[in-house]
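K.L.:
Generate coordinates for the sequence data below:
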Amino acid sequence: MMESLLAKELHLTVKPVAILLTNEKPEGASQFRPGSWGCVMAMLKAASLGKTAVFDRETVGCGGGGVGLGFGNAFHTSGAGDTGGIEYFLSTGRGEGYPEGEGYRKTPELASCFVSNLPIIDLPYTYRVFKPLEQVDPSLEQPCLVTFFVNADQLCGLVVMANYDRPDLNNVIIPHCAGCQGLFLIPYNEVKSENPRAVVGMMDPSARPFIDPGQVTFTVPYKRFLEMEANIPDSFLTKSTWNKIAERITSVPSEVSAGTDGSQTNNG
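P.N.:
Residues are numbered from 1 along each chain as shown. Down below sits the predicted model:
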């Protein structure tokens, strides 16, 4: 089973989460009921607290979740049709009889451009699995991504580590996107890169209520995660400057609360 040195040095209060692609459904995993609404980020939070969650095409929680988890362009499914079109829903709304627009883009045209710039992909795997990294057996399975829930001090540490062995300044990105897009879709697009970047997520007001205040996500391709772990011994994480921050992290009470949002789920 895997132990994360980064989690130890950052004094995480919740577990790093491994994201896996598989055609085998894990036993006992939490899963949204087919056709019911739910936020992917609530399941991520549950995984950070020790549970395993699984998604397939029928149990992504919403059309945006289908896109965010790499099930193709699902904006037109799972109730998205009654919003009047995703370009209206993300911006101004379509008017009477339709839901209020979210106002995340100034115009429908800009919202349409946002959608066209997403690296939408339809991956040939039946399931997406979230599970605590410590429960992964690397001899049997390999995550594609690893996600951390962090506060500002812990984010600082991860950002520096993501740049530690690189010559440039652009090794971490903070895109505005849906929570699940910043968790899976955009980080997965980095897997294909020769020098994959880390992605800071949860810049999504619609998803933030499902996690604790002050938290963001930090997601890296699994290969990059291993490189960052290997770089710890000679890095700033072993120096006195970081020790001062570490003392502050450990002195702050955890804000993490148990449970999820109460969305409809099945277990097993």
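
K.L.:
Tell me, how many residues neighbour the closest residue to residue 24 other than its chain neighbours?
P.N.:
Using CB to CB, 6 or more residues apart in numbering and skipping residues adjacent in sequence, the residue nearest residue 24 is residue 127, 7.3 Å away. Yep, even glycine has a C-beta here, placed from its N, CA and C like the rest. Using other CB atoms under 10 Å, residue 127 has 19 neighbouring residues.

K.L.:
same check, this time on residue 222
P.N.:
By other CB under 10 Å, 20 other residues sit near residue 222.

K.L.:
In this structure it contacts residue 145, no?
P.N.:
Yes. Residue 222 is within contact range of residue 145, at 6.3 Å (criterion: CB atoms under 8 Å).

K.L.:
what's the overlap in contacts for these two?
P.N.:
Both residue 222 and residue 145 are contacted by residue 18, under the criterion CB atoms under 8 Å, 6 or more residues apart in numbering.

K.L.:
all helices of this structure, in order?
P.N.:
Along the chain, counting by DSSP state H, helices occupy 5-10, 40-48, 63-68, 86-89, 108-117, 152-163, 179-180, 186-191, 222-230, 240-251.

K.L.:
mean confidence score for the fifth one?
P.N.:
What that stands for is helix 108-117. For helix 108-117, mean pLDDT is 97.

K.L.:
Then the last one?
P.N.:
The pLDDT scores in helix 240-251 average 93.

K.L.:
Touching it from outside, list them.
P.N.:
9, 10, 11, 151, 153, 154, 156, 157, 236.

K.L.:
what do you get for the fourth one?
P.N.:
Helix 86-89 is contacted from outside by 63, 75-76, 80, 83, 94, 98-99, 101-102, 108-109, 111-112, 115, using CB under 8 Å, 6+ apart.

K.L.:
Show me the two of those residues that sit farthest apart.
P.N.:
Farthest apart among these by CB to CB are 63 and 109. That separation is 20.4 Å.

K.L.:
the more surrounded of the two?
P.N.:
Taking neighbours as other CB under 10 Å, residue 63 and residue 109 compare with residue 63 leading, 21 against 11.

K.L.:
Quick check: the closest residue to residue 222 other than its chain neighbours vs residue 117, distance?
P.N.:
Spatially, and ignoring its direct neighbours in sequence, residue 222 is nearest to residue 143 (4.7 Å; CB to CB, 6+ apart). Distance, residue 143 to residue 117, by CB to CB, to the nearest Å: 26 Å.
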